[in-house]
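Undergrad: Based on what follows, work out the 3D shape:
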Amino acid sequence: MERETIIFIGIALGLLVFSHIFLWLFFPKLARLVYRPATEKGKNSMRKFSNALKWGLFFAVFPIIEPFFSPPDLDHLGRKPFFIVLAIITFSWIIIELSNVLRYAFLENFNSNKEDNLRERRLLTQVAFIRKLFIIIVVIIAFSAILMNFESARKIGAGLLTSAGIVGIIVGLAAQKSIANLLAGFQIAFTQPIRIDDVVVVEDEWGKIEEINLTYVVVRIWDQRRLVLPINYFIEKPFQNWTRTTADIWGTVFMYVDHTIPVENLKIKLKEILDNSTLWDKKVQVLQVTDYTEKTIEIRCLMSARDSPTAFDLRCLVREKMLEYLQQNYPGSLPKSRVLLSQEAEKK
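TA: Predicted structure coming up:
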């Protein structure tokens, strides 16, 4: 290997090392002038963006300074298709990581950990969908730019254009469902029948919306299972959304007791249970006789809570405390079957 070639390789490697060290030293200081991440996800996005810039700086500077130290008998690497392909991939990587930084910089202005976080969850859903769509557009443009650097790919493209009508029909039929899902994703992102962290009941399962992707939605079931559904499911089929406008929810507890139970005492006990519980939001408290049969009466306890998980815990608490109260004070009022024998029947 000639001396000039060795020097050329050494300078190229030195430039690569310099770009990494330079950004490692100065990027954090410069970035803090614009954006100071407040969350761990924001800090992680900045680290990824910095790593992409380290390679991007090399691919941006190398073609500029290469003519000054490249050996005469060596073609400029900066004009080679493989170098251009790597540069396109790197710059696409930078754009994608920059979009991630912008996402967290925008969302950190909104606190989604508070109880009334409807507006924050709406924005989170829209930003997540727009970013996914933006990434797809960047990848398509990058892939197209890469293909344009190869003569054979351009010829293939010209050949495909001659049969574009037939190909368009075939692709359109094959991608019909995918396109429908994508359009459903647009509709969900902006009309928002569901949002990230919404509490829903789908397919007889209770859970929270964990992810909304371009073509599917992930629901985290209460027992940590994941239910994956096509995104157009939430457009075409009915489902329950317990946090559509607010997280507040009412919970019910049904009791079946004997006719001899003093209902007024149960109302007093329910009030005592709720007053002593931090799960109750102090909005709704009702005890009513909702049904009456020849064997039992149905009593419904109605109470409110700030969200559905709290309402579930509150219902369990009321159920347990009311059962304990009945067992200790009115054991004779628990459901029973009666058999009445008349005196004539006894004589026989």
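
Undergrad: lowest-pLDDT helix or strand in the chain?
TA: Here the helix or strand of the chain ranked lowest by mean pLDDT, DSSP states H and E is helix 164-174, holding a mean of 50.

Undergrad: Let's verify D197: helix, strand, or coil?
TA: Secondary structure of D197, reduced to three states by DSSP: H, G, I helix; E, B strand; the rest coil: coil.

Undergrad: now K321, nearest residue through space, not along the chain?
TA: Among residues not flanking K321 along the chain, I273 sits closest, at 4.8 Å (Cβ to Cβ, 6 or more residues apart in numbering). Quick note: C-beta positions are derived from backbone N, CA and C, even for glycine.

Undergrad: what about that neighbour, neighbour count?
TA: I273 is flanked by 20 other residues according to other Cβ atoms under 10 Å.

Undergrad: and if you look at N329?
TA: Other residues close to N329 by other Cβ under 10 Å number 12.

Undergrad: roughly how far apart are the closest residue to it other than its chain neighbours and I89?
TA: Spatial nearest neighbour of N329, excluding adjacent residues (Cβ to Cβ, 6+ apart): N265 at 7.8 Å. N265 is 75 Å from I89, where distance means Cβ to Cβ, to the nearest Å.

Undergrad: ok, now D275?
TA: With distances taken as Cβ to Cβ, D275 is found 64 Å from I89.

Undergrad: ditto for L183
TA: Separation of L183 from I89 (Cβ to Cβ): 30 Å.

Undergrad: Compare these two (neighbour count), which wins?
TA: The neighbour comparison of L183 against I89 (other Cβ under 10 Å) goes to I89, with 16 against 13.

Undergrad: Which helix or strand contains that one?
TA: Under DSSP states H and E, the secondary-structure element containing I89 is helix 81-107.

Undergrad: what do you get for K269?
TA: According to DSSP H and E, K269 maps onto helix 263-275.

Undergrad: So which other helices or strands are in contact with that helix?
TA: Identification of packing neighbours for helix 263-275 by 3 or more Cβ pairs under 8 Å, 6 or more residues apart in numbering; DSSP states H and E yields strand 285-292, strand 297-305, helix 308-329.

Undergrad: The first one versus strand 297-305: what angle between them?
TA: By that I understand strand 285-292. An angle of 150 degrees separates the directions of strand 285-292 and strand 297-305 when computed by axes from the mean of the first three to the mean of the last three Cα atoms, to 10 degrees.

Undergrad: the helices in the stretch 101-250 of the chain, which residues?
TA: Read by DSSP state H, counting those that start in this stretch, the stretch 101-250 of the chain holds these helices, from start to end of the chain: 118-147, 151-162, 164-174, 176-191, 233-236.

Undergrad: Flag whichever of the ones you listed has the least confidence on average.
TA: If you rank those by mean pLDDT, helix 164-174 sits at the bottom with a mean of 50.

Undergrad: Just give the closest residue to S50, not the sequence neighbours.
TA: Among residues not flanking S50 along the chain, F27 sits closest, at 5.0 Å (Cβ to Cβ, 6+ apart).

Undergrad: ok, the closest residue to I221 other than its chain neighbours - contacts?
TA: Computed as Cβ to Cβ, 6+ apart, the closest residue to I221 that is not its neighbour in sequence is G207, at 4.2 Å. Contact analysis of G207 by Cβ atoms under 8 Å, 6 or more residues apart in numbering lists 199-200, 219-222, 227.
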